[in-house]
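1. Take a look and give me a structure for this.
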Amino acid sequence: MSKINITVQIDKALLKHSRHLAIEKDSSLSEWVSSLIAEAVRREGGRPAAKRRALAILKSPLHLGGKTFTRVELHER
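-> This next block holds a predicted model:
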């Protein structure tokens, strides 16, 4: 996979803290930021499939067991 350089502007304090976090991960700042972006893209990529699965489940009624009531039975006092 070919790589391309990008320019990002961030606050100096944020840059300093980010460098420390990258070092803790035994990584360069560039590698660390790249991995964060890649993870965000992977997470976002899974959402359409999860949405389709959830909608498919909602299309079929859930059997929860128990007794079904008529409208009259529910409103009896």
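
2. residues near residue 33, how many?
-> If you count neighbours by other C-beta atoms under 10 Å, residue 33 ends up with 17. Every C-beta, even on glycine, is put in place using the N, C-alpha and C of the backbone.

3. typo on my end, it should be residue 71
-> Neighbours of residue 71 under the rule other C-beta under 10 Å: 6.

4. And it, its phi and psi?
-> Phi and psi for residue 71, reported as degrees, to the nearest 10, are phi -60, psi -40.

5. distance of it from residue 64?
-> 19 Å (C-beta to C-beta, to the nearest Å).

6. what do you get for residue 20?
-> Distance from residue 20 to residue 64, by C-beta to C-beta: 52 Å.

7. Go through the chain and flag its longest helix.
-> helix 29-59 (DSSP state H).

8. State the mean pLDDT of it.
-> Mean per-residue pLDDT for helix 29-59: 88.

9. mind starting the numbering at 42 from now?
-> I'll keep to 42 as the first residue from here, and by that count the last item is helix 70-100.

10. Report the buried residues of it.
-> Buried residues in helix 70-100, counted by 16 or more other C-beta atoms under 10 Å: 73, 74.

11. I'd like the next helix or strand past it.
-> Per DSSP states H and E, the first helix or strand lying C-terminal to helix 70-100 is helix 112-115.

12. to the chain's geometric centre, what's the distance from that next one?
-> The chain centroid and the centroid of helix 112-115 are separated by 43 Å under C-alpha atoms, centre = their mean, to the nearest Å.

13. again with stretch 73-92
-> 7 Å.

14. Contacts for that stretch, please.
-> Applying C-beta atoms under 8 Å, 6 or more residues apart in numbering, the contact partners of stretch 73-92 are 49, 59, 62, 63, 66, 68.
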